[in-house]
Every structure is written in structure tokens, then in C-alpha cells.
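Chemist: turn this into a structure:
(chains A, B and C)
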Amino acid sequence: MSQTERTIEIFLNDKPIRVTVGHHQTLIEVLQAQGLTGARESCAQGLCGCCTLKVNETLVSGCLFLAVLADGQRVQTIEANEQALDEVQQAFIECGAFQCGYCTPGFIMMVRALLDENPDPSDEDIGHYLSGNLCRCATYPEIIKAVQRAASVRRVPS
Amino acid sequence: MKAFEWEQPRDWGEAISMLDPRDLTVRVMAGGTALMLMMKSGVFQPTRLISLQGLGQEAGAIVQEAQGGIRIGALCSLTALGQSSAVATTAPVIIRTLKTLSNVRVRNVATLGGHLAHADPHMDLPPVMMALGATVKTVGARSSRTLTMSELYRGYYETALEPDELICEIVIPSQVGRSAVYLKCSTRAADDWPTLGVAVNVKCDGDVIEKARIVVSAATEKPIELVAAQTLLEGHSISPSRLNDCAELALAQAPLVSDARGTASYKKELLRVYLKRAIQIALKGTIS
Amino acid sequence: MLVAKVFRSTMAHAVIRAIDVSRARAQPGVYAVYTAEDIVGLIAKPFYGPAFHDQPILALGKVHHVGEPVAVVLAEDPHVAENALASIEVEYEPLPAVFDEIEAMNSKAVVHEVLKPAGTFPDLKHLSGKKNTNIALDFHLLRGDPQKAFKQADHVFEHYFKTQPVLHLPLEPFATVAVPTHTGLTLHTASQSPSFVRIEIARLLGWPENRVQVKVPYLGGGFGAKLYIKTEALASACALLAQRAVKLALSMEEQFYVITKHATTLRIKSAVTKEGQITARECEVWWNGGAFADIGPRVTQKSGFTAAGPYDIENVQIDSYALYTNLPPAGALRGFGIPQLVWAYESHTDMMARALKIDPLQMRRKNVLREGRPQATGTLMRDAALVPVLERLAQLMHWDEPFDHGSGTWRRGRGMAIGFKASIAPTTSMAIVVINADGSCQLQSSTVDMGQGSDTAMAQIVCEVLDIDMGVIKVVHPDTDVTPYDMATLGSRSTYHMGHAVKRAAEHARDQLAAMAVEFKLTLNEVSIADLFKRKYGMQAGNVVGVGSFIPAYTSPDAQGQTLQATPFWMIGATGVELEVDTETGQFRITQMINLVDVGNPINPEIVKTQISGAAIMQMGFTLSEKMDFDEGQVTNASLADYKIPGIRDLPQFMHNEAVSAFEQSGPFGAKGVGESGTFGVSPAIANAIDDAVGVRLTDLPLTAEAIFRGMRIHAGQPLQED
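Modeler: Okay, here's the model as predicted:
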């Protein structure tokens, strides 16, 4: 193996994988090669949120995150827990909170974390938390409604 | 991006030893958010990167000092900074500033040391740190030193740091009796690099302003302390005419530049308005 | 699979003296490097485009704009391909360049020496271009005797307006995968017009259509960017030259050089009576089409029909010019030129009303085109709810109630604007509805769902006709081997055109089912579809295939721009805005935005609402923050960090979106399109509200805080220094 690549181990959506990566490769490139296309590079600058991933408990922009840094870490994508829709996904559908859907995985990942941190966010809280996620179809009003709906569903004890 | 080598030192000393002052293609990477942008655009093509991720938690720790100041390890993430109760009690202006600084994901990864060392004049914390009177401690191959923020910033993306010198700690002195404000003025979208940043820090005795610090950023090539304007305030209570005079002195001193966000002459008007607003808000903060 | 990376021109206009790709070819991991020389070996005439065949697959002889593809590198590793670009060397001989649309009218710099009309679309058949000029198309309309009316007028108003270059910027940039097959070529592409791509690629290669298969998945946004042919020609050429599958996926930065929205200069002049009746209007519009015509000529012509606005004006002259310049090409962007025109004519309406001291609403009421009246082309207004939209807007804005203009350093203002659009005609849509023996069903249509919800709307139409449940229908995504011809997904045409074709296909299928039922002396109410197939074929077997097609009537305008059939339907959109201006800085916030449209009878009211809202917010970006900055043809802000599109914190404080109660007699179930209508009134409504708040009239987009501040200072007699 050359000095510019190495083999890393990632717990990808709770499954361990071993993959050889170039030091210059981003996590998003590695995930795409694994067939996981839910997170995608769009602006390439960490501004649009389309490549949102969770590394351990931290949300990151996959397009600015070198894959070597994920060595030994837990990485979660929108494809984790694909069996059933959670309350955030359900709320997005009910509120019509997407049009083309390209930005939606990133928004869902963000909103889940927002509600973990803040179960009862104000519209302003939502705006600040999601200010780094862009939707060119501009479904922002519907997204704000969906976050509020998901929050209220989460707050009802099951 | 081109292929490069990767090192992960265990401590600052090892990190410094891996740098080569004659080879600028070898650099350290902390959070990497700014460096990645430069690498992706081809502005910077490293042959070797030295990741600071292996330095351990201590390198990013926040320590409350007995005298009331705080010491922040350079590798503290901006998110950790924003969640720190020591920061919230000592310098709440930092918490307020972080709310509109970039976005959640960038703050999660970016470090305070990297943020300050990048020297992009549009960044929010350099003017805030300058207004707070913060200093940075550095480690280098030859020596370690302490720099004020005014000493750190030389120009547009330019610092006083040597190629083999790194910021390892940021020290914020006690802010007891002080009130600080940072106003970020964006003129296009709500979330944008600022057209103008104004940071003000005042210490009052009753109505009288004892100490004042006024910093302008974003509209200038580097954050700048407006000394004449702050001197005018010190030793006096505020009046509309003094506020006006202070703003005029600030305008005279601040070398404002035109860019896509506005012309210099418009930024001058913005500075006049935002500076007065910042001072008034800061003064209110000293009363409560 | 190989990845293609494009080497782009750094010059706006230059002769290519030499290209040296030898160093790039020698890079380890590089599979191939191609230039126009290689392309010509495969395709003798490698030029494409919907209006003119003016766009080379790779620059041939000269470059026409910064960012034009000059060479392409193929490698398995995208980084290898990307890095190899740096070792390509091109020697240019610079030519004089022209960037401004007004200068382009008489410029010595001519972007294309030869113009080759495409002749593809019937409405652009007359296209020839003007040799030795930059004029790709000039459209002229004359009705009545404007010059006489101007002479007799109580008042004459003349204003100039400008719109800035902006772009679509779907978050999914352009992407095509081209795969050579034993029968030809398969393209997987992010396109709004799979049928056109197939025809154009087949034409380039000299193949029959059926050797090219074009498949389109869901798109990550389009807004007009992914129309006609974009990355497909280069990807196809690479795949055939390499005889390997090739992926060409552009970066966000590259999008800035592919297609933009026309910057425009507009002149509008009106003759008005003392009472505010408009008796004559002259409009001149110069469209900055960039280096390749794309669909600019159609934008120029179709929007030319309505450039005088939704007003009943007896004497009208319209002169509209599609111009080549050395900027990146401009095409269709959500509104097909209409937002630029409404910007001018609705700003103009308020400026006249203000000068005449007439209320802006009254000014519009007095002049608005009423049902049955002819508009500038002579085509009658039919099922055009201009009056209901205007009146509903007035009602929702409480226009007749006193308005608080604020105090101190904050001033409030309100404004309105209304616009209309002729649809794209004549264009064809085909659809196939297949009923399976178990009663399930698939709809085969080449309409591309890029977020506008067409799959849902089309499925609803089938279900309505066949009286089946939404759960049993599958919408087959565009695949030219399977889904029949559709002109394109553009111009809010799908609900109407494809809606008709789908309805007819479903009716054709239903009629066949009914005939099957009759064989067994039953009606469709008495037997399930599955039972019917069992009776007919003795088991679960067989299909019913329904076919439908639609092309609306259209008559090309005569030399005076007159026609009785300019459009199959009219689209109407209006916006009302309330805002607050910080008079110390010129910064402002929109406190209320009301967007009203006439979509006929909405097929899916919830989707319609989100279309209105999304269109209005997008147009708000084009009004307030978006602008491509150029330096000698180079985009200096080609990133989302520097080109600011609206984010979640840029919304108006309150928004209301509504489709007024209406019915389009000629539409499927009374419906017509909606994708663009929400954009029409946004820009002038905001500018009119700014004027109402602080008395500053802005005539150039975008509407920046600095421009407002400078305007206020001019009023105060203390103009700000220019720098």
C-alpha cells in the first residue's frame, strides 16, 4: 500500500466495513462507492447540507470530511433504519415538505438531531438549526411545519 | 484533489517536528473545514497533512481560571465552545455570535484555533476575541509566545505565525464589569458572510465609560481595533454628540474596502449606524 | 465506468491556435483525452441546439464564452481526471468580446460568423438570424397606430429597466451516464426533455431514433436548466469514442457556465389619458442570450406576445431582440422571460399611477384586460381570471383600508403586481395507459417529475377516468424505449398538454374495457377489471393498451405579430407585498407576501399551493440577493458561498398562497399549469412596496439595501459618493 492511502474500518449504519481509501478522499466519496447515495455532494462547500452525515454523535458535512478521519468511527446515513419511517419522515410527507427531494435526506438527518437536542423548538430555533441546509424548490415553510409536527408527535408519550 | 501523505501526531511537539518551514505543502489540519475548501478548489495542494485529531481531549479543553478568565485549547470545536458554561458566564457574546456563525455541521467540526489562524477577515470570532482582549499562545520549533489579536493579524489571510508555529491556546481575560456586543451585518441573504462586523466591549463606572474596545471586521482586510474612537469614549459618559464623534473617528480610521456585498462608501454608512447601535446595546448590558 | 472531467475555456472570445493534451494523456490512470478533433472523427458536424445548431460538443476553432468545454479527460478515478486537466495547454488568440445586450445590437464583435437554424420546432421554423450581427431573432408586433396615439396623449411616460443575470442552480447539478450497447447507446440523464435528447443525439450520430435510449430518473430540480440538450452530447461522444460507459457529472461551480437566465434591458413607453386610461404602449426588449442561442429565440418570441402587459391597450408596438454575447448561454428559467417583462410593466404601472396621483389598484382596474377582449396579438382572453385575481388580491391586502406607513427610522410600504403568460404552443404530448389482467395499471409518459408532482397529478387523471384506486397505478419514468414522445417538461405545460394525452389514453383504455364488458353483456359497473380479463382470456392474461395524444391549435403570428391563436391557455399570477425599511441603512424585511394564481381547476390543490410558494420564494431570490458577477466574461461568484439563494431564514414573515376559483374550459378537468405563475408578480410588487415606503424607485434588479439607501440619500440632497 502506498503512503497516500490506508485501510480503514467504519461502522457504517451499524455494520463494520473495511475499505482502502486515499487520504484525499472524502467520506462522501467512500459512501457513494458503497452504493449509499442518500447523502450527495452538491455545493461542495458544506453550505447546502445535501451531504449531511452523522459521525458518532456529530453531524458533519460529508463533502468536507476526509474518510481517514472516520477510521474506527460509527457513521450513519439516511439509509440507516430503512425498515420503517420515523416521525420526522412521516411529518415531511404529511406536510409536503419537499418537492424534488434532493435535499431531503440532509434535512431529515438535521431535524432528527435538532429534536434530540431541543424537543420543543421555536420557529426561530428551527431557522438557526437549519440555516445551513438549502432547498432550491424552497419548501422551507412546509419544512418548518413538518418540524413542528414531528416535535409534537415525539412529545406525545407512546 | 491530489494524493498526499497523512500523519497523526500525539502531541504539539510531535506536530511541530513534522512541519517543515521550507515546505509549505506540508500543513496541519485541525477541523479542516476551511482547509478542505482550499484543497477542493486547488488553491492548496498538500503533499502531507498533519492531522491534529490525535492530540487528545486536553488540546481542546476549556478551563475556568481563578481570576475569572478562561483558557481554551485551540482544538476546541466551535460547538463545544458554544455549549460551555464557563464561556456562557465569562463571555456570553461568544455564545450569541456562534448562533449565526456558519452552520451546525461546520461548527461541529471547525476548531477555535483553526478559525483564528485562517485569518479570513469575514470570520466572526476574530473581532470578538479582539474586543475581549484575548491573546493566543503559540508553540513553535524555536519558541513559544503569546500574541494579542492585533499582533496576530497582519493582513488579508495573513497572520504573524511562522510556518512551523501553531496556536495551541486562546486566553480570554476576566470580563467582570464588562459588556460586549458583536453585530454582524449581512446585506444579501440572512446567512451570508458579513458585509460588516462590529464588536464593542465596554467597562463602566456608573455612567462613565472606563474602558472601551471597538473592533471592525469584514469590511476591512483584517479585524482592526479603532483606537482613536475608543479613546474618545473612555472617561466620559455617553451623549448623542459623543456617540456621533466616536462614529466619525471610527470612520476616519477604518480602511473600508468595496466588494460584492457593498461599496466602501455604503459600508461607511453601515459602520456609522452599526457602531452606534453596538455601543448603545453594550451600555445597556452594563446596567442590567 | 469512466469519469469525464471537462477542460473549459478561460477566454470569453478567442481563436484556438493550438491545444496540447500530450502531458495530460501521459498522466498515469488517464484513459483518454479528447478534443474537437476527436469528436469530428465521430460526428462530422458536432453542433447542437434547439433553435440554432450553434453549440459545438467541444470548442471547434474558437471559444465563445468563458467556461466553454474545450477538452475532456477520461479516467476511472475522478481525481486523476480532475488533476490531469491542469496539464492541458491551449494557445488562444483573443478576439474582441461583447458582454452587454445593448452593445451587442451594433457590436463589431460578432459571436457567430455563420448561423445554422435548427428547424426542429414548428414555432421556430421562420428562424434565420441576421448575418454579421448578434441578432438571433427579432420579434415585432404592431397593433393599431401607436405613433398617432402618442401624439394625441395627455401624458406620455417612458422608463428603462434592467434585470441581472441569474441561474437555475438545481441542487443536483447536470449529470449524464452514457453506455454504449450492442444496438447503440443508452443514456441515463438528468433531463427535462428525454424525447428531444433522443432526437438530437440520433441526429448528431446519423442514427434512427430507436438506437438511442434515454432514461430519466427523478430529477434533483430542474427549473428549466435541464431542458433540451446539455451534458448529453459530450457524454455520448465520449462513450462512443472510448467504447466504455462514461459518467459526466458537473460540479456546482460548472453549473454557472452551462445555462443562465437572460439578463435584459427593457424600454417601455405609454400614452395615458388624464383619467389614467392607457391608449398606447411601446416596448423594446433586449435579451442577453449569451454565446449559444439555446431556447432564447423562443423566450424572445413567446414572451414578446405579452410584453405590453395584461392591459387593454388599443395601440401597441413591441420589438424584442434575442442577442448573442460572450457570456455563458441563457435559456428558459421558470417563467420563460415573463418575470423580466412583468418586472418592467408592473413597475411602470405604479410609476405612472404615482405621477398621475391615481391609486395603483385603480390604475390596474381601469386598464386590465377583461374576459373576451383581445390582447396585443389579437388573441382573445378566454378563461383568464385576471379580474378575479386582482380583486382577490385587493381583498386579501385590505387595499381600501388605511395603511400605516410607520414612523421613526422604520417605514412601511405595500405594493402589488399582476402578470400573465401565453403557454408554449404548438407542442405534442403522447401517453400510453396499460391495464394488466389483475386490474393494476401503468402509465407510460415522458413527463419528467422533478419535484412539481406530475407523477401524482397524471396518476390522479388516470384514476379519475378509470375509476380505480391510486394504489393500483404505477407511473413509468421516462425511458424512450417505453414511454412515448413528449415535447418536454417545461413552461407549465404538462398538466394541460400531457394531462390531455393521459386523459385520452385512459379514456381509450376505458372504452376498450367497456367493449370487453359488452361482449359478456355487462357494464363496467357490474364487473371488476380482473374478472373481465378472466372471462375474456380464461385466466389472468392479456392487456388493454390505451393511447392518447394531444397537440393544441396554434397559428403563427403574422409579420405584425398578430394571431387569433397565440396560446391554448393563459396563465395568471399576482403578488402583493408589505415590507418595512430601516431608513438608516436601507435594509428591509418583507412582512407579508400574498401570491395568487389562476390555474383553472387545480388537480391537486396541495401540490398547487407548494408550487406557488416555491416559485414565489425562488423569484424573491432573483429579486433580492441573486446576481452572477462577471469580470471579462468570467463568473466571479460561482459558488453558493458567494451567489446567495434564499435560505430558511430569508422567508417573508407571513405568506399566503392561493389559486383563485377558476375553470379552464379547454383543460383536462378544467385544469391548467402552475409551475411558473407564482414568479410573475414578485419583483415589481417588492419594488412598488419599497417606493411606497421610502419614495425610492429602483429600476435595476436585484433590489439591494445599498441601492435603496443611495436612493434615499439622493432624495435628501446628500448623494452618496460613487466608488
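Chemist: against which helices or strands is the longest helix seen in chain A packed?
Modeler: Ranked by residue count and defined by DSSP state H, the top helix of chain A is helix A:140-155. Where contact means 3 or more C-beta pairs under 8 Å, 6 or more residues apart in numbering or on different chains; DSSP states H and E, helix A:140-155 is packed against helix A:87-94, helix A:104-117, helix A:123-129, helix C:605-624. Heads up, the C-betas are built off the backbone N, CA and C, glycines and all.
Chemist: can I get that helix in PDB, CA atoms only?
Modeler: Provided in PDB are the C-alpha atoms of helix A:140-155 (Å, rounded to 0.1, in the frame of the first residue of the first chain):
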ATOM      1  CA  TYR A 140     -39.000  26.000   3.700                       C
ATOM      2  CA  PRO A 141     -42.500  27.000   5.000                       C
ATOM      3  CA  GLU A 142     -43.600  23.300   4.800                       C
ATOM      4  CA  ILE A 143     -40.300  22.100   6.400                       C
ATOM      5  CA  ILE A 144     -40.900  24.400   9.400                       C
ATOM      6  CA  LYS A 145     -44.400  22.900   9.700                       C
ATOM      7  CA  ALA A 146     -43.000  19.400   9.400                       C
ATOM      8  CA  VAL A 147     -40.500  20.000  12.200                       C
ATOM      9  CA  GLN A 148     -43.200  21.300  14.500                       C
ATOM     10  CA  ARG A 149     -45.400  18.400  13.600                       C
ATOM     11  CA  ALA A 150     -42.600  15.800  14.300                       C
ATOM     12  CA  ALA A 151     -41.800  17.600  17.500                       C
ATOM     13  CA  SER A 152     -45.400  17.400  18.800                       C
ATOM     14  CA  VAL A 153     -45.600  13.700  17.800                       C
ATOM     15  CA  ARG A 154     -42.400  13.000  19.600                       C
ATOM     16  CA  ARG A 155     -43.600  14.800  22.700                       C
END
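Chemist: hang on, the earlier thing: out of the helices and strands packed on helix A:140-155, nearest to chain B?
Modeler: helix A:123-129 (5.8 Å; C-beta to the nearest C-beta).
Chemist: buried set for the closest one?
Modeler: Within helix A:123-129, the residues scored as buried using 16 or more other C-beta atoms under 10 Å in any protein chain shown are A:126-129.
Chemist: for the longest helix of chain A, what is the distance to the chain centroid?
Modeler: With C-alpha atoms, centre = their mean, to the nearest Å as the basis, helix A:140-155 stands 17 Å off its chain's centre.
Chemist: who in the stretch 451-600 of chain C is up against chain B?
Modeler: C:584-585, C:587 (C-beta under 8 Å from any C-beta of the partner chain).
Chemist: and what of chain C?
Modeler: Checking chain C against chain B by C-beta under 8 Å from any C-beta, the hits are C:79, C:82-83, C:86, C:584-585, C:587, C:624-625, C:629, C:636-637, C:641-642, C:644-647, C:649-650, C:704-706, C:709-710, C:720-723.
Chemist: how is the chain partitioned into domains?
Modeler: As the question left the chain open, I've gone with chain A. A:5-79, A:87-155 (automatic domain parsing).
Chemist: if you could check chain B rather than the one you did, that'd help
Modeler: B:5-51, B:59-172, B:178-284.
Chemist: does chain A sit close to the second one?
Modeler: If I follow you right, that is domain B:59-172. Yes: residues of domain B:59-172 contacting chain A under C-beta under 8 Å from any C-beta: B:79, B:99-100, B:102-106, B:108-109.
Chemist: quick one: that domain near chain C?
Modeler: No: interface with chain C: domain B:59-172 contributes nothing (C-beta under 8 Å from any C-beta), its closest point being 8.8 Å away.
Chemist: got the contact list for the longest helix of chain A?
Modeler: Applying C-beta atoms under 8 Å, 6 or more residues apart in numbering or on different chains, the external contacts of helix A:140-155 come out as A:87-88, A:90-92, A:94-98, A:107, A:111, A:114-115, A:119-121, A:123, A:126-127, A:130, A:135, C:610, C:613, C:617, C:646-648, C:651, C:655.
Chemist: only whichever of the residues you listed are buried, select them in PyMOL.
Modeler: To isolate the buried ones among these in PyMOL, judged by 16+ other C-beta under 10 Å, type:
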select buried, (chain A and resi 87+88+91+92+95+96+97+98+107+111+114+115+121+126+127+130+135) or (chain C and resi 610+613+617+646+647+648+651+655)
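Chemist: circling back to that earlier point, make CSV from the domains of chain A and add mean pLDDT to it.
Modeler: CSV is the format used below for the domains of chain A (pLDDT from 0 to 100):
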stretch, mean pLDDT
domain A:5-79, 96
domain A:87-155, 97
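Chemist: format these as JSON lines; extra columns: distance to B:Leu116.
Modeler: Output for these, formatted as JSON lines (distance: least, C-beta to C-beta, whole Å):
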{"stretch": "domain A:5-79", "distance to B:Leu116": "19"}
{"stretch": "domain A:87-155", "distance to B:Leu116": "21"}
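Chemist: so which bits of the longest helix belonging to chain B are buried?
Modeler: Criterion DSSP H: the longest helix present in chain B is helix B:264-287. Residues of helix B:264-287 classed as buried by neighbour count (16+ other C-beta under 10 Å): B:264-279, B:282-283, B:285-286.
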